[in-house]
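A.B. asks: based on what follows, work out the 3D shape:
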Amino acid sequence: MDRVLLQLGPFTVFTFGATIAAGTLAAFWLADKEAEPAGLDADKISILSLILLGAGIIGARLYFILFYDPGYYWQHPLDIFKIYEGGLSIHGGILGAIGAGLWYVRKTAWSFWKTADLMSPAVILAQGIARVGCDVYGKVMGAAWPWGVQVQGQLVHPVQIYEVFLDFALFIFLWGKRRRQRYEGQIFIYYLGGYALIRLFLEFFRTNPALIGSITPAHLSSFLFVLAAVGMGNWLSSNRALPLPVRYSDRFWVSSRVWVAMALLLAAGIGIFYSWN
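C.D. replies: This is a model prediction of the structure:
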């Protein structure tokens, strides 16, 4: 994949940056659409979305520096600012966004859990769209599967597309459960634990620096995220239970329009990814 999508004189548009922007716009639109039904101010949700984006990027960069290659950045401190060369950790991005979200809801006197429930589907949708443009590929394939990608003469796993598919699947699940919550914060807990499991699975197809044996920082971070999600979910189910409607149904349901939209997004993402490779 060409890292540079467009070059106009001194102005450079990076491929990953373009897909991050596309995912961000989709998240902004979805969060704005859901704000009014949730009883939250749409303008303040838009401000929150911008804050989460900035905090997520800062958190992702700091986490990568601290846990993936601190020695290099200690010797080359100016390279900390070269985000365009890569080096972001999704776990750090999530932690950064959570921290910024906690700060913002205190200013607005909103419920953190209610706000996090609203934002979670938008966030995983943005992650799925953004991943299309990522240029970090997976391990060399053990067999010549037809969906493999040639990188430097080797057939490797397209972990980007694996994640796009799984992120969109998680989005559909969250979307189908958002009106069927048993406790406040449940959608956020499903997002946190669900994405951690996705990344834990994908890490077996990626090549990252190891901490102990074959255990990478992403393995450990994902495992800790799952534990945190389980612990918070147990606490919330006992302390933030929501009153259920008389005709409450726990059945998972997503409208056909959402299924079609996600299928088209997935097809577009796959088409764009393979046209760039």
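
A.B. asks: remind me, longest helix of the chain?
C.D. replies: helix 42-67 (DSSP state H).

A.B. asks: backbone dihedrals for the nearest residue to Ala130 once chain neighbours are set aside, please?
C.D. replies: Among residues not flanking Ala130 along the chain, Gly23 sits closest, at 3.8 Å (CB to CB, 6 or more residues apart in numbering). For every residue, glycine as well, the C-beta is placed using N, CA and C. In terms of degrees, to the nearest 10, the main-chain angles of Gly23 are phi -60, psi -40.

A.B. asks: can I assume Gly23 is in contact with Gly128?
C.D. replies: Yes: taking CB atoms under 8 Å as the definition, Gly23 is a contact partner of Gly128 at 7.2 Å.

A.B. asks: quick check, pLDDT for the residue nearest to Ala130.
C.D. replies: With respect to pLDDT, Gly23 scores 95.

A.B. asks: and it, how close does it get to Pro209?
C.D. replies: 26 Å (CB to CB, to the nearest Å).

A.B. asks: and Leu8, what are its bridge partners?
C.D. replies: Phe11 (DSSP bridges).

A.B. asks: how many other residues sit next to it?
C.D. replies: The tally of other residues near Leu8 (other CB atoms under 10 Å) stands at 7.

A.B. asks: in the helix or strand containing Trp103, what's buried?
C.D. replies: Per DSSP states H and E, Trp103 falls inside helix 90-108. Going by neighbour count (16 or more other CB atoms under 10 Å), the buried part of helix 90-108 is 90-98, 100-101, 104-105.

A.B. asks: nearest to Pro77 among these?
C.D. replies: Lowest distance from Pro77 to these (CB to CB) belongs to Gly92, with 18.1 Å.

A.B. asks: residues in contact with the residue lying closest to the closest one once chain neighbours are set aside?
C.D. replies: Closest residue to Gly92 apart from its sequence neighbours, by CB to CB, 6+ apart: Tyr63 at 2.2 Å. Tyr63 makes contact with 89, 91-93, 95-96 under the criterion CB atoms under 8 Å, 6 or more residues apart in numbering.

A.B. asks: repeat that for 10 Å
C.D. replies: With contact taken as CB atoms under 10 Å, 6 or more residues apart in numbering, Tyr63 is in contact with 87-96, 217, 221.

A.B. asks: ok so, going back, hey, what's in contact with both of Gly23 and Gly128?
C.D. replies: Asp167.

A.B. asks: Gly23 and Pro209: which has the busier surroundings?
C.D. replies: In this comparison of Gly23 against Pro209, neighbours counted by other CB under 10 Å, the higher total goes to Gly23 at 24 against 10.

A.B. asks: contacting residues around the more buried one?
C.D. replies: Contacts of Gly23 (CB under 10 Å, 6+ apart): 53, 122-133, 167.
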